[in-house]
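Asks: Here you go, sequence then predicted model.
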Amino acid sequence: MLKRERWFAVVNPQSANGSTRKRWPAYLKRLEDEGYLINYEYTTKPRDATHITQRILSEGYTHIIAVGGDGTMNEVVNGFFFKGQLINPEAELALFSHGTGGDLIRTLMIPKGIDSFLAILSQNRKRMVDVGEVQFLKNHGQQETRYFINVADVGLGGETVARVNRQSKFLGGKISFLIGSVISILRYHNKVMRCEIDGKLVLEGRQNSIMVANGRYIGGGMMIAPHAELDDGLFDVVCLGDFSTLTLLRHLPKLYRGEHLEIPGVIVYRGRSVVITSEERALLDIDGEQPGHTPISFTLHPQTLCLWG
């Protein structure tokens with residue numbers, strides 16, 4: 001039955017430093033040789049994946065494949081929604097990761113490559129996952145709403161992503177983000193931020209970053225929220241305090257291993273709604289994209305999207 005279902009792949013040909021355009025025809029042939037019916041479309045500009053997904057869901061497709069990196073996957077997730085509602089609650093999303101970061105598939109424990117993707121399809125591996133909704137100010141001042149299923153970061157992460165996205169990622173996601181993180185740490189100054197969770201003020205003061213996590217990984221492999229689950233109905237909110245540059249650099253390896261929660265000044269909260277404000281503008285990172293800044297509010301929608309993996 002699954003192989004008779006026609007899939008639609010939203011393909012970012014620029015992902016993985018442009019190698020996706022070269023390799024997608026071979027991947028498509030492999031999928032078709034396995035009996036899957038695939039239509040596809042290349043994205044051509046930012047947010048294109050969102051608009052393509054909205055259109056094809058409205059046309060009646062129910063099985064969508066996002067082909068690209070974390071940013072592409074985030075755009076496709078946003079395409080499942082229109083004016084605050086799911087276009088089709090029965091629609092399903094499969095992730096064929098072909099980018100530089102790969103943070104979401106780390107949480108899902110999906111290896112990269114066509115073989116692992118085919119294994120997911122053949123084994124019918126899917127589940128309902130939570131979706132985060134975030135409202136923020138765009139960099140030009142207008143308010144915007146977006147959705148995510150992995151991690152959002154307010155503070156240093158936003159500065160890092162803005163820097164990394166301005167440069168080539170030919171060294172790969174982990175190295176590119178590591179270099180960007182070190183440069184950002186050296187230049188960043190902590191922000192005075194206020195955080196409310198489920199209507200209760202939990203912290204106010206100078207912070208390095210506040211991560212609102214549905215998944216576990218961020219920044220090309222940092223295990224920022226090692227206990228987060230995609231389907232438990234709660235955000236893990238990881239707060240990094242007023243750390244000095246030296247302290248951050250000394251503990252940076254612990255972030256990749258998920259061993260940072262015991263560092264004094266790191267606090268983890270859990271909840272379904274989060275509001276972050278700041279005295280000065282703090283940048284937002286959503287799945288490797290930097291779309292805006294504070295004030296920012298988050299709402300979790302439990303088990304909203306059917307995700308393969």
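Replies: Nice, thanks for sending it over.

Asks: What are the neighbouring residues in contact with M128?
Replies: By CB atoms under 8 Å, 6 or more residues apart in numbering, M128 lies in contact with D231, Q303, T304, L305, C306, L307. Where C-beta positions appear, they are placed from N, C-alpha and C, glycine not excepted.

Asks: oh, I was asking about N74
Replies: Contact partners of N74, counting by CB under 8 Å, 6+ apart, are R146, F148, I149, N150, I286, D287, G288, E289.

Asks: residue boundaries of the helices in the stretch 151-300 of the chain?
Replies: Secondary structure of the stretch 151-300 of the chain, counting by DSSP state H, counting those that start in this stretch: helices at 156-164, 173-187, 245-257.

Asks: count of neighbours near H189?
Replies: By other CB atoms under 10 Å, the residues close to H189 number 10.

Asks: again, but for D115
Replies: Neighbour number of D115 under other CB under 10 Å is 9.

Asks: Also the one 10 residues further on?
Replies: When neighbours are defined as other CB under 10 Å, R125 has 14 of them.

Asks: From G79, how far off is it?
Replies: R125 sits 22 Å away from G79, going by CB to CB, to the nearest Å.

Asks: How about Q135?
Replies: 18 Å.

Asks: Compare neighbour counts for those two and give me the winner.
Replies: The neighbour count for Q135 versus G79, taken as other CB under 10 Å, is higher for G79 (27 against 15).

Asks: My guess is the more buried one contacts T53. True?
Replies: Yes - using CB atoms under 8 Å, G79 is in contact with T53, at 2.5 Å.

Asks: Now for those two: what residues contact both?
Replies: Common neighbours of G79 and T53 (CB under 8 Å, 6+ apart) are V10, I64.

Asks: does T20 belong to a helix or a strand, and which?
Replies: helix 19-33 (DSSP states H and E).

Asks: contacts for that helix?
Replies: Helix 19-33 has contacts (CB under 8 Å, 6+ apart) with 9, 11-14, 38, 40, 42, 67-68, 96, 98-99, 114, 118.

Asks: How far does that helix sit from its chain's centre?
Replies: Relative to the chain's own centre, helix 19-33 is displaced by 24 Å; criterion: CA atoms, centre = their mean, to the nearest Å.

Asks: Give the lowest-confidence helix or strand of this structure, using mean pLDDT as the measure.
Replies: Within the chain, no helix or strand scores below helix 173-187, which has a mean of 68 by mean pLDDT, DSSP states H and E.

Asks: returning to what we had before: any of the contacts of M128 buried? List them.
Replies: Among those, the ones that count as buried by 16 or more other CB atoms under 10 Å are T304, L305, C306, L307.

Asks: got the contact list for stretch 283-292?
Replies: Residues contacting stretch 283-292 (CB under 8 Å, 6+ apart): 69-71, 73-74, 101, 103-104, 134, 136-139, 144, 146, 148, 150-155, 157-162, 164-165, 218, 293-294, 296.

Asks: Which ones among those map onto strands?
Replies: Within the contacts of stretch 283-292, residues falling in strands by DSSP state E are 134, 136-138, 144, 146, 148, 151-155, 218, 293-294, 296.

Asks: Excluding residues flanking it in the chain, which one is nearest E159?
Replies: Of all residues not flanking E159 in the chain, S184 sits nearest, at 4.8 Å (CB to CB, 6 or more residues apart in numbering).
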